[in-house]
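[1] Sequence below, structure please.
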Amino acid sequence: MRSFWFMFGFSLILAVASLQAQVYSPWVLAAGEPDTRELKSVTEALYKTAGAKTDREKAEAIWRYLLTDGRFVEPGMFYHIGGWAYEEPLGEVLDPVKLLNSYGFGLCYQIAPLLEALWEAGGFPDARVWFVTGHTVTEVFFNSKYNMLDSDMLGFTTVGEGDPRKLPIASVHQLENDENIILSKLLAPVVIDSAKVVFPWYPADVRAKAMGGYAELFSSKEDNWLFPFTRFPKGHSMDFILRPGERLIRFYEPESDGLFYLPYKKKAGTYQEFPREIERYNIRTEEGPHSQKDARIWATGRIEYCPPLSRKNAYYPAFAQDFNGNLHLPESAHGALARSDGMKPAIAVFEMSSPYVLIDAEFDLYAELAGAAHRVTVETSTDLGRSWQFCGTLKGPYTGPWKTAPKVLATSEHGSHTAVSGRYGYLVRFTLSGPQPAEGVRIRDVKLTSLIQLNPRSLPEISTGANELVYKPGPPVRRWAFPVDIERMEEFACKVDRLQCVMEDDNCLLKPAGWRKGEAVFELSAPDGSDLVKVHAGGRFLVLDRLAPEKLTAETRQTTQRGLSAKANASIAWSVSPDGPFNTLWEYQPPGQWLDGKRESRLLAWPEVDRAVDKLTPGTKKVYLRYRLDRMACDDIRLATFTRGVKTGASRLLVTHEWVSNGRKHSQSVEIEDAFSESSYTVNTGRWGEVKNVAVVFECPAGE
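    Next up, the predicted model:
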């Protein structure tokens, strides 16, 4: 038995701005519009807009919100496109908050868990996802039964004779046992009996004479599999902090041609473009993730940070700054700096987090390097400083502006994959080094820029006339996410006992050695040393028999890794001491009877688990999370800590709306007087002319 102890090593020092004047998760909505940060808010807005009162009306309102094909319905939140919602190392994106805010597109296996998440957030007692080989669908429980509504293929089917708006909706089991439930709604292969359906009713499939094949997806029931647990993770959050000198720009279109998050898959250690070009359907990667069915596209944005450089932000012992915003080599009084064998450089580390998926980044500065031995080196880290990727080095003598960017890990026909692509945050480290004397050696005017991708349909649309908008901040809490690479468990902040990583066709599994009882213990604290107010722990756990998850398709694959499902067990527990006692947060329980009183044997027992400890004793600095596996595997671990923010009346926030009307650019800026409280304001675009939205900008101005 081997045990390895590692802590989330926060010897890493962040040169952060003062907590004063920070703004917590600013957000703006058009009055009555869904707040896509919170799924419950989305469902409440949908119910109100639709006037939905009954369970059937509420279920349909959510179903319509996600209908994918704008040729047949008014284009809405989500559209159908394959290959673009993918993030290594886990694969296809299933997190509802990411899908709504960073993407706005996907395939059936993304829309199905998104439906499940919204139905559950909307108050339904249960929703569940089925994989009917070749397609993924969702059922929701109401009127004492499960009801299948398909947003991806735009339809649901009722059972019986009469008004389809009042008849019960068919379940997967009913469709499995009777193909005629679907096929009886056709007068001819391309003609719908409009008296028997609620529109839209599978319009693209009807047009393609494909309803027979759709019905067969269900009736070939031997390869239908049910996910008995939650199919979606809850680890992502749209919370972020806007610091003095930082602004978030969200455009309604791509900022430039060809700018998008291009996902790459990792195959045998090398990165390859994930989206596939399909000549038959005129799908070209260079055109980005736009809808092939209607005019909907993606959008991009920027997070720009000009960090204030001052001594009060200097936490690294060898980090020296003056009060005019210049980073200098330390004074010669440090002694050892004059020695060629032991020079201590000036180092600053800044955090750049993002609620949106990152496309790339760039770093600007102004350097004054007096001699040939003076240099500035820039690096990035996506694992909290555990490892660093080289960006670039500027060697002296040099005076002037300089720009560098994250390391490019792979280049391909349509783009590149960098050290920060597909992530949601990184650290950037500046090292200023060289011999004494250091006269005329400094850097200043540092600007850090993250390029992001977003779903423009999550932004507030303004139109001609007076527009009422609502400002809604997030809670004054700081969230610290801790990435865990299960391929490198022994390098991370954990105690590892009898766990091993297994690779199968580039799918990574963490399993107990010999399938018998292994565990990992993580020690979590806040990088800034603050008291913890909350801890989140989650992951995807797997009972494996013949099938395992396939990250390239979010479907299934054959596996040779097989636990004993009858005795499978796993748990997450927490403690304030590495020696315990540990309190159980979650423990695996085999699926039981469903709300309709039936049992099901065709199961993919892969529970997505997310739990929180939110009643920590004041003064808690460390929390230990223990993951145990017994005859079960795991392929994702999600950890985060939360610290209390500082509320101050000095916080300033400027919100700017930019638009084009009558061929001219316009903008209106509003200063939010109390950035910690919800408020309303009006943007008036004038009485005439069509309005084209350009951008919404949040800015936290730097202090004097």
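
[2] got the phi/psi numbers for residue 216?
    phi -70, psi -30 (degrees, to the nearest 10).

[3] got a list of contacts for stretch 159-176?
    If you take C-beta atoms under 8 Å, 6 or more residues apart in numbering as the criterion, stretch 159-176 is touched by 56, 130, 132, 137, 139, 143, 145-149, 156-158, 181-182, 195-198, 215, 218-219, 221, 224, 226, 598. No exception for glycine: its C-beta is placed from N, CA and C like everyone else's.

[4] what do you get if the cut-off is 6 Å, keeping everything else the same?
    130, 139, 146-148, 156-158, 181, 196-198, 218-219, 221 (C-beta atoms under 6 Å, 6 or more residues apart in numbering).

[5] Could you check how many residues crowd around residue 547?
    17 (other C-beta atoms under 10 Å).

[6] distance of it from residue 396?
    From residue 547 over to residue 396 the distance is 59 Å, taken as C-beta to C-beta, to the nearest Å.

[7] Over to residue 590?
    To residue 396, residue 590 is 66 Å away according to C-beta to C-beta.

[8] For those two, work out which one has more neighbours and name it.
    In terms of neighbours (other C-beta under 10 Å), residue 396 is the more surrounded of residue 590 and residue 396; the figures are 18 against 12.

[9] List the contacts of the more buried one.
    Contacts of residue 396 by C-beta under 6 Å, 6+ apart are 369, 371-372, 374.

[10] could you redo the last one with a cut-off of 7 Å?
    Contact analysis of residue 396 by C-beta atoms under 7 Å, 6 or more residues apart in numbering lists 369-372, 374-375.

[11] So what touches the helix or strand encompassing residue 533?
    Using DSSP states H and E, residue 533 maps to strand 532-542. Outside strand 532-542, the residues that touch it by C-beta under 7 Å, 6+ apart are 233-235, 477, 524, 526, 548, 570, 572, 574, 585, 588, 606-614, 616, 620-621, 623, 625, 632-644.

[12] The helix or strand just after it packs against which elements?
    Counting by DSSP H and E, the next helix or strand C-terminal to strand 532-542 is strand 547-550. Applying 3 or more C-beta pairs under 7 Å, 6 or more residues apart in numbering; DSSP states H and E, one finds that strand 547-550 contacts strand 507-512, strand 555-558.

[13] Can you lay out those as TSV showing mean pLDDT, distance to residue 293 and mean neighbour count?
    As requested, the helices and strands packed on strand 547-550 are arranged in TSV below (pLDDT from 0 to 100; distance: least, C-beta to C-beta, whole Å; neighbours: other C-beta atoms under 10 Å):
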stretch	mean pLDDT	distance to residue 293	mean neighbour count
strand 507-512	96	31	21
strand 555-558	95	23	15
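
[14] how about a markdown table for those strands, with distance to residue 492 added?
    Listed next are the helices and strands packed on strand 547-550 as a markdown table, based on distance: least, C-beta to C-beta, whole Å:
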| stretch | distance to residue 492 |
| --- | --- |
| strand 507-512 | 12 |
| strand 555-558 | 27 |
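
[15] which one of these lies closest to residue 354?
    strand 507-512 (24.4 Å; C-beta to C-beta).

[16] Is the residue nearest in space to the middle of the chain in a helix, a strand, or coil?
    For the chain, residue 98 is the residue whose C-alpha lies nearest the centre (C-alpha atoms, centre = their mean; 3.8 Å). Here residue 98 is recorded as helix under DSSP: H, G, I helix; E, B strand; the rest coil.

[17] pretty sure it contacts residue 235?
    No. Residue 98 lies out of contact with residue 235 (C-beta atoms under 7 Å); the separation is 9.5 Å.

[18] just checking, next helix/strand downstream of the helix or strand containing residue 266?
    Using DSSP H and E, residue 266 sits within strand 264-267. Next along the chain after strand 264-267, taking DSSP H and E as the criterion, comes strand 270-273.

[19] and that next one, which strands flank it?
    Here strand 270-273 is paired, per DSSP bridges, with strand 264-267 (antiparallel).

[20] Centre of the chain to the strand it pairs with, how far?
    Counting by C-alpha atoms, centre = their mean, to the nearest Å, strand 264-267 is centred 19 Å from the centre of its parent chain.

[21] cool, and stretch 185-204?
    37 Å.

[22] what sits opposite the nearest residue in space to residue 463 that is not next to it in sequence in the beta ladder?
    By the measure of C-beta to C-beta, 6 or more residues apart in numbering, the closest residue to residue 463 outside its immediate chain neighbours is residue 691, 5.3 Å from it. According to DSSP bridges, the residues that bridge with residue 691 are residue 661.
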